[in-house]
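Novice: Can you look at this prediction? I've put the sequence above it.
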Amino acid sequence: MKTLETIEFKSPPTVLAAWPGMGNVGLITVDYLRRKLNAQLFAEIDMSPFFIPDSIVVKNGISQFPEIPTAVFYYTNNPDLIIFESNAQISGKEGIMIIKTILDIIIQYPVQHVFTFAAFAQPMSYSDESQVLVTCNIPEFLIDLQQHGLTPMPDGYIAGLNGLLLGVAASRQIESACMLGTIPGYAVNLSYPKASLQLIQSISKFLDFNVDLSEIKENIDNMSQQLSLIEDRIRDFSSGGAATHDDEQLQQELEDVEQEKVPQYVMEKIERMFNDAKADKTIAGDLKKELDRWNLFELYENRFLDLFR
């Protein structure tokens, strides 16, 4: 770890953490709060020991290793927060090592809670309000959050570092929770700020601070135009109109979720397997079987083939 500034807090800080994920919901949430609260950079993790590239990047005929991911800590004293952001999901033992490193850093302070943020795909329209679900690693903390109006997440899985953090933090008796905003099933590969807005409102209410929401509301309005066109194309396809291959992909995914052919925990498992397959191609066979089992291979075909390009 590289410490850039020594910091102190007037009260035990809360940690907010995020990584890339479905709808980019977590990173949108945490990055927005960081910017609007004018949080200051105070430390960063050298990710090179945890990052094992399995491919190279080619630009204009020149090959090079991909950039090392970032993992940075910010702080603010009004309210007392530690904000962590990383631009990469890293799985396997390296993922566990990253989580342990993060916890080693934050326990230097009298941390009160740790929150991560993610998306929860649902059969819904972009015009529906996103709901906030929550899961905790300590039962008493869940009761506290329920008293603040949050709904427990149904049985299933949380893929990636969001889930790993809760598990490792429990072994250190650090109260941690993941807040999940619901998003349309077809929007998992799009940015979905509407869910992030609800997460921002929920965490700011729980921690009792205010933040300007005008920018994210404007982003939601802009994104709504694109989502409206997507849903129009899906409806056209459903009614027998002409559709492109992309339309067929969107329609298939929405139908799978709406008809509950593919449970949420399966979608989470598939996301986790894709992340694992990037580092270990031997997993690709099991991933292909899982996609075939749920008739999802056509939907994910291009993404699957990208693993070998």
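Specialist: That came through, no problem. This structure is a prediction, so every number in the text was calculated from the model and none was measured.
Novice: how about the helices in the stretch 51-200 of the chain?
Specialist: Along the stretch 51-200 of the chain, counting by DSSP state H, counting those that start in this stretch, helices occupy 92-106, 139-147, 161-171, 193-207.
Novice: How about the first one, which residues are buried there?
Specialist: The one in question is helix 92-106. By neighbour count on 16 or more other C-beta atoms under 10 Å, the buried set for helix 92-106 is Gly95, Ile96, Ile98, Ile99, Thr101, Ile102, Leu103, Ile105, Ile106. From N, CA and C alone the C-beta is placed, and that goes for glycine too.
Novice: Now do the same contact list for the residue lying closest to Ile45 once chain neighbours are set aside.
Specialist: The shortest distance from Ile45 to any non-neighbouring residue, by C-beta to C-beta, 6 or more residues apart in numbering, is to Ala71 (4.1 Å). Contact partners of Ala71, counting by C-beta atoms under 8 Å, 6 or more residues apart in numbering, are Glu44, Ile45, Met47, Phe84, Glu85, Ser86, Ala88, Ile98, Ile102.
Novice: a markdown table for the buried residues of helix 92-106, including pLDDT and distance to Leu164?
Specialist: Shown next, in a markdown table, are these (pLDDT from 0 to 100; distance: C-beta to C-beta, whole Å):
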| residue | pLDDT | distance to Leu164 |
| --- | --- | --- |
| Gly95 | 88 | 6 |
| Ile96 | 90 | 6 |
| Ile98 | 92 | 8 |
| Ile99 | 93 | 5 |
| Thr101 | 93 | 12 |
| Ile102 | 93 | 10 |
| Leu103 | 94 | 11 |
| Ile105 | 92 | 16 |
| Ile106 | 92 | 15 |
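Novice: Among these, pick out the one closest to Phe297, please.
Specialist: Lowest distance from Phe297 to the buried residues of helix 92-106 (C-beta to C-beta) belongs to Gly95, with 26.1 Å.
Novice: Can you list the buried residues in stretch 162-176?
Specialist: Of the residues in stretch 162-176, those buried (16+ other C-beta under 10 Å) are Asn162, Gly163, Leu164, Leu165, Leu166, Val168, Ala169, Ile174, Glu175, Ser176.
Novice: Could you report the distance from the first one to Ala169?
Specialist: The gap separating Asn162 from Ala169 is 11 Å, by C-beta to C-beta, to the nearest Å.
Novice: and Lys269, how many residues sit next to it?
Specialist: Lys269 has 17 neighbours, counted by other C-beta atoms under 10 Å.
Novice: how many other residues sit next to the residue lying closest to it once chain neighbours are set aside?
Specialist: Closest residue in space to Lys269, ignoring its immediate chain neighbours: Tyr157 at 6.0 Å, by C-beta to C-beta, 6+ apart. Neighbours of Tyr157 under the rule other C-beta under 10 Å: 15.
Novice: which residues pair with the residue nearest to Ile45 across the strands?
Specialist: As for beta bridges, Ala71 partners with Ser86 under DSSP bridges.
Novice: and if you look at Leu180?
Specialist: Ala118, Leu133.
Novice: Tell me if I'm right that Thr182 and Tyr126 touch.
Specialist: No - with contacts counted by C-beta atoms under 8 Å, Thr182 stays clear of Tyr126, the gap being 11.2 Å.
Novice: lowest confidence element among the helices and strands of the chain?
Specialist: Every helix and strand of the chain was ranked by mean pLDDT, DSSP states H and E. The lowest is helix 245-258, at a mean of 51.
Novice: and the helix or strand just after it, what other elements does it pack with?
Specialist: Beyond helix 245-258 on the C-terminal side, the first helix or strand identified by DSSP states H and E is helix 264-279. If you count contacts as 3 or more C-beta pairs under 8 Å, 6 or more residues apart in numbering; DSSP states H and E, helix 264-279 packs onto helix 92-106, strand 113-122, helix 284-293, helix 297-306.
Novice: what about stretch 26-43, distance to the chain center?
Specialist: 15 Å (C-alpha atoms, centre = their mean, to the nearest Å).
Novice: before we move on, the earlier item: could the helices and strands packed on helix 264-279 be laid out in a markdown table, adding distance to Gly21?
Specialist: Listed next are the helices and strands packed on helix 264-279 as a markdown table, based on distance: least, C-beta to C-beta, whole Å:
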| stretch | distance to Gly21 |
| --- | --- |
| helix 92-106 | 13 |
| strand 113-122 | 5 |
| helix 284-293 | 18 |
| helix 297-306 | 15 |
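Novice: Tyr32: which of these is closest?
Specialist: strand 113-122 (10.6 Å).
Novice: List the buried residues in that closest one.
Specialist: Buried, per 16+ other C-beta under 10 Å, within strand 113-122: His113, Val114, Phe115, Thr116, Phe117, Ala118, Ala119, Phe120, Ala121, Gln122.
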